[in-house]
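>>> Requesting a structural model of the entry that follows:
(2 chains)
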Amino acid sequence: MAVKTKTSTRIGVTILGWGIAVWLFFPIFWMFLTSFKNEIQAISTPPKLFFMPTLSSYAEVFERASYWHFTLNTVIVSVGATAIAIALAVPAAYSMAFLPSSRTRSTLLWMLSTRMLPPVGVLVPIYLLARNTHLLDTCTGLAIVDMLTNLPIIVWMLYTFFREVPAPILEAGRMDGASRWQEMTMVLLPLALPGIASTALLSLILCWNEAFWSLNLTSSHAAPLTAFIASFSSPEGLFFGKLSAASTLAVAPILVFGWISQKQLVRGLTFGAVK
Amino acid sequence: MQAVLQHSPSSEVSSERRKNASAKRTGFLLLSPSVLLLLVWSIVPLVMTLWYSVQNYNLVDPTLHGFAGIDNYWYLLTDPDFLHSLLNTFVLVAGVLAISVGGGTLLAVLYDQDFFGRGIARIMVISPFFIMPTVSALLWKNLMLHPIYGVYSAMMRAVGLTPIDWLARFPLLTVMMIVAWEWLPFAVLILLTAVQSLDGEQREAARMDGADPIARFRYIILPHLSRAISVVVMIETIYLLTVFAEISVTTAGGPGVASTNLAYLIYSRALLQFDVGGASAGGVIAIIIANIVAIFLVRAVARNLEA
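Numbering: from 1, shown residues only, chains lettered A, B, ... in the order given. Okay, here's the model as predicted:
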């Protein structure tokens, strides 16, 4: 016998829910809108909601910088870093979840604490190391750094997912003669796939948006989208049209990707860490 | 595992022990690649930073070199900018955590309610998390809060108020709001997931027992969320301690050091004043602080995660 919610409450919830959603989303909407204005329309006061849309800002952005070059770098670095990190983290998380020792807990805490170091604290050494190993301004170098900064969180998330998998299922597999490798690839991975997928999605998003290392370790050859947007920020901060067009181009792929995958992200998270 | 051990006859104990030893070895082998990489990643730069921190090393003044002892540390620790930036770091982390956990919990409960177009509204709320920090900082600085052309200024003028130059008058608060805008959606995403995993029957039962909404929230939803809140606090603290791009793009730490956090202070010492020695001393101090936070916070949170 479900109690019906009062109509007035329901209307209130609808208004509040939509009001907050519109308020939080507004900057993104406005950026998108402004990217279709010319520079005069973009700084008109009061700001215009209705106007004649133009692609002139996009044309100028494309003329000035090779958007695809930056996008390709971002994709290579994000996917590369995520793939390597997952490949390293799966065995590590397996070991922590199913073969725990007395040091497992402190190892995990230590791993997470390495992530709390402010990158600037080690910027000079990392920069010098990258230069001496010829990894400066390469996708490989940036991917390695991104991979290492995300590895602790990935190990921890996978660990929480793996712990939800009942050990007897794995043991049953071993009784049937499965090796550790088979146990991991044929029993555990399919069971923990939602968790692994959402960990990978989170890692992709974090790598895509990582700004500090990408701005400091790349210049032209391997520069990702964060560098692309930075090149439109300082001298022309007041050219709102171009700025908005460049920003829209930089965030659109990951935003659309995030919208499509958010259900998967949520499903994976329900499975493990936040259940 | 326990059952297996109980049923093994005494003659198999030695083989069981051997199996344990081999499991230990396997566990170690599987874990070691990640541990080794992270060890190198954290030790090598740390040692180099420690070395530079006791050297006179300025990129624009090559005449100044050699062993500096604790001069760099002394110089930094007695600098009022340092204390100020330390305080700013804590205010920033605590403020954003309070907003995202508090607001995130309330919004998670709100978006758990059934209403028209809820799916789209949720996606809109979560969206800011996907925006890169540089872009969101530029968006807020120029399109939203610009004292002349910004939308917020236009709205204030429309209702007869004088627009405020937010980043000049309230730099730290404004930076905090921008960072919170990015991280509140993450909290909503995680907490909403947790609220939805709450058993519907349990809530229904509480409602039939006559528990009012506040009691239901206090005694059923909130305890259920404790683990999810730990996850949010843990991941967000890691990122908030090192907030950089938002400050660099909006205020460049200013005016003065009003919005400089520790990360930005070290950056300005190293890359703007070319003082590698001083910046490294700052780096070492930042690393010590990170470890203190790790010991207190991560342990408290980790206990919650074990449950």
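
>>> okay, CA-based contacts and neighbour counts for the rest of this
Will do.

>>> So what's the residue count around B:Gly66?
10 (other CA atoms under 10 Å in any protein chain shown).

>>> so where's the stretch 151-275 of chain A uncertain?
Applying pLDDT under 70 to the stretch 151-275 of chain A flags the ranges A:233-238, A:268-275.

>>> For A:Ala211, give its distance to A:Val90.
26 Å (CA to CA, to the nearest Å).

>>> now do A:Leu206
Taken as CA to CA, the span from A:Leu206 to A:Val90 is 19 Å.

>>> Between those two, tell me which one has more neighbours.
Between A:Leu206 and A:Val90, counted using other CA under 10 Å, A:Val90 has the larger neighbour count: 22 against 19.

>>> In this structure the more buried one contacts A:Pro152, no?
No. A:Val90 lies out of contact with A:Pro152 (CA atoms under 8 Å); the separation is 11.7 Å.

>>> how many neighbours does whatever residue of chain A ends up closest to chain B have?
The nearest approach of chain A to chain B comes at A:Gly121, 3.6 Å away (CA to the nearest CA). The local packing of A:Gly121 (other CA under 10 Å) involves 27 other residues.

>>> What helices and strands are in contact with the lengthiest helix in chain B?
Under DSSP state H, the helix in chain B containing the largest number of residues is helix B:13-53. Packing contacts for helix B:13-53, counted by 3 or more CA pairs under 8 Å, 6 or more residues apart in numbering or on different chains; DSSP states H and E, involve helix A:67-98, helix A:104-114, helix A:123-132, helix A:139-163, helix B:276-293.

>>> Turn those helices into CSV, columns for distance to B:Arg269.
Listed next are these as CSV, based on distance: least, CA to CA, whole Å:
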stretch, distance to B:Arg269
helix A:67-98, 29
helix A:104-114, 23
helix A:123-132, 11
helix A:139-163, 23
helix B:276-293, 5
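
>>> among the ones you listed, which is nearest A:Ser220?
helix A:67-98 (9.1 Å; CA to CA).

>>> buried stuff in the closest one?
A:67, A:69-71, A:73-83, A:85-86, A:88-98 (16 or more other CA atoms under 10 Å in any protein chain shown).

>>> other SSEs contacting it?
helix A:139-163, helix A:189-209, helix A:225-230, helix B:13-53.

>>> run the last query once more with 6 Å
helix A:139-163, helix A:189-209, helix B:13-53 (3 or more CA pairs under 6 Å, 6 or more residues apart in numbering or on different chains; DSSP states H and E).

>>> Following the chain past the longest one, name the next helix or strand.
Just to be clear, that refers to helix B:13-53. Downstream of helix B:13-53, the next assigned helix or strand under DSSP states H and E is helix B:71-77.

>>> quick one on the thing from earlier: just put the helices and strands packed on helix A:67-98 in CSV and tack on distance to A:Lys37.
Shown next, in CSV, are those (distance: least, CA to CA, whole Å):
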stretch, distance to A:Lys37
helix A:139-163, 34
helix A:189-209, 26
helix B:13-53, 46
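
>>> Please identify which of those is closest to A:Ala130.
helix A:139-163 (7.0 Å).
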